[in-house]
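K.L.:
I would like to see how this sequence folds:
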Amino acid sequence: MAISKGEQIPNTTFMYVPWAPELADGTACGAPTKVQTHEAFKGKKVVIVAVPGAYTPTCHVNHIPPYIKQAEAFKSKGVDQVIVLAQNDPFVMSAWGVQNKAEDKVIFATDLNLEFSKGIGSIADLSAMGFGERTGRYALIVDDLKVVDFSPEPNPGAVEVSGADHVLAKL
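P.N.:
I've put the predicted structure just below:
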């Protein structure tokens, strides 16, 4: 069952590689760190945008670049952090963020064991394609651990309700 407006997000663990300038050219590999969602997001407004996989065509070309380009617009609307979430490992997510020149504007994090996405009711079973279970494609606006808006894509191959412009309009 999908999470609803006003409900508290699950307390799960994300893993990510914090941005550092030495990562910029792609020759260095940072150390992953774990964060608990309730600890990290308490008292903050956060946008979590989830994708089925790093570097996949829709995610890489259409979905994530507008979030990076509009990072300042999100901040101007009171968003403390934008997080790109997928089940890929933190090294892949870090490399994807580096390639997209996200620097410290957007965090690229791993949904460990899909615990968060399962907890909010949004996973995609891509076993028929050989990819197994993945994070669903969705956008989630969270304020002090409570859901303000949950926008899962009805068609995981499209970016409509979870796109940056749509989310900005809801802030």
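K.L.:
Low-confidence stretches in the protein?
P.N.:
Applying pLDDT under 70 to the chain flags residues 132.
K.L.:
And the longest helix anywhere in it, what does it pack against?
P.N.:
In the chain, ranked by residue count with DSSP state H as the criterion, the top helix is helix 90-99. In terms of contacts (3 or more C-beta pairs under 8 Å, 6 or more residues apart in numbering; DSSP states H and E), helix 90-99 is packed against strand 13-16, strand 81-86, strand 107-111. Heads up, the C-betas are built off the backbone N, CA and C, glycines and all.
K.L.:
Which of the ones you listed has the highest mean neighbour count?
P.N.:
strand 107-111 (a mean of 26; mean count of other C-beta atoms under 10 Å).
K.L.:
Parallel or antiparallel, which strands does that strand pair with?
P.N.:
Strand 107-111 pairs in its sheet with strand 13-16 (antiparallel), strand 81-86 (parallel), by DSSP bridges.
K.L.:
Output the helices and strands packed on helix 90-99 in JSON lines; the columns should cover distance to G43.
P.N.:
Converted to JSON lines, the helices and strands packed on helix 90-99 look like this (distance: least, C-beta to C-beta, whole Å):
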{"stretch": "strand 13-16", "distance to G43": "17"}
{"stretch": "strand 81-86", "distance to G43": "12"}
{"stretch": "strand 107-111", "distance to G43": "17"}
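K.L.:
For K44, which of the ones you listed is the nearest?
P.N.:
With C-beta to C-beta as the criterion, K44 lies closest to strand 81-86 of those, at 6.6 Å.
K.L.:
between that closest one and helix 90-99, how big is the angle?
P.N.:
Strand 81-86 runs at 120 degrees relative to helix 90-99, counting by axes from the mean of the first three to the mean of the last three C-alpha atoms, to 10 degrees.
K.L.:
contact partners of strand 81-86?
P.N.:
Residues from elsewhere that reach strand 81-86 (C-beta atoms under 8 Å, 6 or more residues apart in numbering): 14, 41, 44, 46-54, 59, 64, 67, 71, 74, 93, 96-97, 102, 105-111, 116-117, 134-135.
K.L.:
could you pull out the helices for the chain?
P.N.:
Using DSSP H, helices in the chain cover 37-41, 57, 65-69, 71-76, 90-99, 115-120, 164-170.
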